[in-house]
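Visitor: Take this sequence and fold it.
(chains A and B)
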Amino acid sequence: MNITIVDYKSGNISSVINSFKEVAQNKVKVQVTSDLKKIKSSDKVVLPGQGSFKSCVDALNKINGLRDTLNNFAINNKKPLLGICVGLQMFADIGYEEKETKGLGWIPGKVSKIDNQNGKFKLPHIGWNQIDILKKSKIFKDIENNSHMYFVHSYEFIPKDKNVILATTDYSSKIVCSVEKENIFGTQFHPEKSDKIGLKIIDNFINL
Amino acid sequence: MLKNRIIPCLDVKNGRVVKGINFVDLKDAGDPVEQAKIYSDGGADEICFLDITASNENRDTIYDVVEKTSKKCFVPLTVGGGVRSVDDINKLLNCGADKVSINTAAVQNSEIVVESSKKFGSQCIVVAIDAKKNGDKWEVFTHGGRNNSRIDALVFAKNMEESGAGELLVTSMDRDGTQVGYDIDLMSKISSRVNIPIIASGGVGNLDHLADGIIKGKANAVLAASIFHYGKYSVKEAKQYLNSKKIPVRL
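Guide: Numbers count the residues shown, from 1 in each chain, chains lettered A, B, ... in the order given. Here you go, the predicted model:
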């Protein structure tokens, strides 16, 4: 099996690479590339994302054919894809960070700024927060409810269909922190920075 | 519920861990990669490397340390000290740092904060403020505490938030290395002034100081070096203590 971490110059992905290599060891091939052919032929794809929604979408669109390739991979061929942080946010139709920007449109919904209740909650939401698992999922296999995960973000994904929500976390409101739609998975938190429990989620994705 | 973070800090010089008293009298005490791994295994919420004398010396050793550490530690890694340019930030992030803290360069020109937060995202840009009390205000120091910029720390903190910093690491120069506790007044004033998280630093000598930093200083995270480094307390003991004081921590 081989897993591709999509390198579309979306900022710092070293931690994602390190964590996948740590979990995969020699059992699974982990490649980091934006090469369309390699993405097409991989078994699973990881879509990281750091920075703003707009900067990530722009970076994705800059690579000729990448959007279509990912679309084919996830939507037409229904192969497993994991979006992390802004990688998850890009599943949405639209994001409002910096300026209104169209997302991938895989899961209907929008990405808006977390309501900080007039400064009562500091943003970014940085640190370890507990996740409330609402639905059973293969990527949460052996993950206890209320486990701590590492978050760092100021925007949240609000999907139209609440059935896609796997887990929420409490920060000013119930923030969607994990989604699943058929073969598409996403975490708002960073499993690659969430210690052993985060690596377990990566392991679960690898073993899907 | 979001937990308060406990961040052990490792001061690194020429690729080795040191911890000074008031920035002088450095003692060599260990391999940073190994130390970081011990901390992350022990429940540290984040690990901080400060390349303390980097402004004056060859600092390539830190890249190697960061690269090795990031392959072994799967909690956030913040690296600072001697970061002068957007290119330096890029290099550290590529080596596996999750956040980079900027001190002198941010004081000299806030454009580095504006530019880097746009390029890499605010989430990885920490501005480190070294502040020293002067009368009824605090002044920002640069170059590892050697130069006084005369800039008011509270004004500077707000300016850095507006420039795009994702977090502020606030060190009291008066307290650093003294083990008498954080400068609570400084921490709470800055924390109330800005809407981004602040990390309190400088002066921790016991576990009550950590609790004070969070409750009285309104810090979102507390950083300490000596108490952990010389084995006075483990990170786990610190967390259990804070938990017993009803302070939310990740156990």
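Visitor: Off-centre distance for stretch B:84-94?
Guide: 17 Å (CA atoms, centre = their mean, to the nearest Å).
Visitor: Which residue ranges of chain B form strands?
Guide: Along chain B, counting by DSSP state E, strands occupy B:5-13, B:16-18, B:47-51, B:77-80, B:99-102, B:125-134, B:137-142, B:147-152, B:167-172, B:198-201, B:221-224.
Visitor: Give the other helices and strands that the fifth one contacts.
Guide: Same thing as strand B:99-102. Helices and strands in packing contact with strand B:99-102 are listed as strand B:77-80, helix B:86-95, helix B:111-120, strand B:125-134; criterion 3 or more CB pairs under 8 Å, 6 or more residues apart in numbering or on different chains; DSSP states H and E. All C-beta spots, glycine's among them, are computed from the backbone N, C-alpha and C.
Visitor: wait, doesn't A:Leu123 sit right on B:Glu167?
Guide: No: assessed by CB atoms under 8 Å, A:Leu123 is found out of contact with B:Glu167, at 10.7 Å.
Visitor: Would you mind telling me which of these two has the busier surroundings?
Guide: Taking other CB atoms under 10 Å in any protein chain shown, A:Leu123 and B:Glu167 do not tie; B:Glu167 has more neighbours (29 against 20).
Visitor: quick one on the thing from earlier: could I get the strands of chain B as CSV with distance to A:Pro159 and mean pLDDT?
Guide: Below are these laid out as CSV (distance: least, CB to CB, whole Å; pLDDT from 0 to 100):
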stretch, distance to A:Pro159, mean pLDDT
strand B:5-13, 29, 93
strand B:16-18, 46, 83
strand B:47-51, 34, 93
strand B:77-80, 32, 96
strand B:99-102, 29, 97
strand B:125-134, 29, 97
strand B:137-142, 44, 97
strand B:147-152, 45, 97
strand B:167-172, 29, 98
strand B:198-201, 32, 98
strand B:221-224, 31, 96
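Visitor: Highest average neighbour count across those strands: which stretch is it?
Guide: Highest mean neighbour count of those: strand B:198-201, a mean of 29 (counted as mean count of other CB atoms under 10 Å in any protein chain shown).
Visitor: Not counting its own residues, what contacts that strand?
Guide: For strand B:198-201, the external contacting residues (CB atoms under 8 Å, 6 or more residues apart in numbering or on different chains) are B:5, B:7, B:9, B:126, B:167-172, B:176, B:182, B:187, B:190-191, B:213-214, B:217-224.
Visitor: Let me see the contact set for the closest residue to B:Ile112 other than its chain neighbours.
Guide: Leaving aside its sequence neighbours, B:Ile112 sits nearest to B:Ala105 (CB to CB, 6 or more residues apart in numbering or on different chains; 5.0 Å). Applying CB under 8 Å, 6+ apart to B:Ala105 gives the contacts B:Val83, B:Arg84, B:Ser85, B:Ile112.
Visitor: I'd like to know which residues of chain B are adjacent to chain A.
Guide: Residues of chain B found near chain A (CB under 8 Å from any CB of the partner chain) are B:1-5, B:40, B:45, B:70-71, B:74-76, B:93-98, B:118-124, B:166-167, B:195-197, B:220-221, B:250.
Visitor: Now list the buried members of these.
Guide: Listed as buried from the residues of chain B next to chain A are B:2-5, B:40, B:45, B:70-71, B:74-76, B:93, B:95-98, B:118-124, B:166-167, B:196-197, B:220-221, B:250; burial here means 16 or more other CB atoms under 10 Å in any protein chain shown.
Visitor: what number of residues lie near the residue of chain A with the smallest separation from chain B?
Guide: Per CB to the nearest CB, A:Gly51 is where chain A lies closest to chain B, at 3.6 Å. Residue crowding around A:Gly51 was assessed by other CB under 10 Å; the count is 24.
Visitor: That one belongs to a strand?
Guide: No: applying DSSP: H, G, I helix; E, B strand; the rest coil, one finds A:Gly51 to be coil, outside a strand.
Visitor: show me what contacts it?
Guide: So A:Gly51 contacts A:Ser10, A:Gly11, A:Val86, B:Lys119, B:Phe120, B:Gly121, B:Gln123 (CB under 8 Å, 6+ apart).
Visitor: In JSON lines: those, plus pLDDT and distance to A:Asp195.
Guide: Formatted as JSON lines, the contacts of A:Gly51 follow (pLDDT from 0 to 100; distance: CB to CB, whole Å):
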{"residue": "A:Ser10", "pLDDT": "77", "distance to A:Asp195": "23"}
{"residue": "A:Gly11", "pLDDT": "73", "distance to A:Asp195": "22"}
{"residue": "A:Val86", "pLDDT": "96", "distance to A:Asp195": "21"}
{"residue": "B:Lys119", "pLDDT": "88", "distance to A:Asp195": "28"}
{"residue": "B:Phe120", "pLDDT": "90", "distance to A:Asp195": "23"}
{"residue": "B:Gly121", "pLDDT": "89", "distance to A:Asp195": "22"}
{"residue": "B:Gln123", "pLDDT": "91", "distance to A:Asp195": "18"}
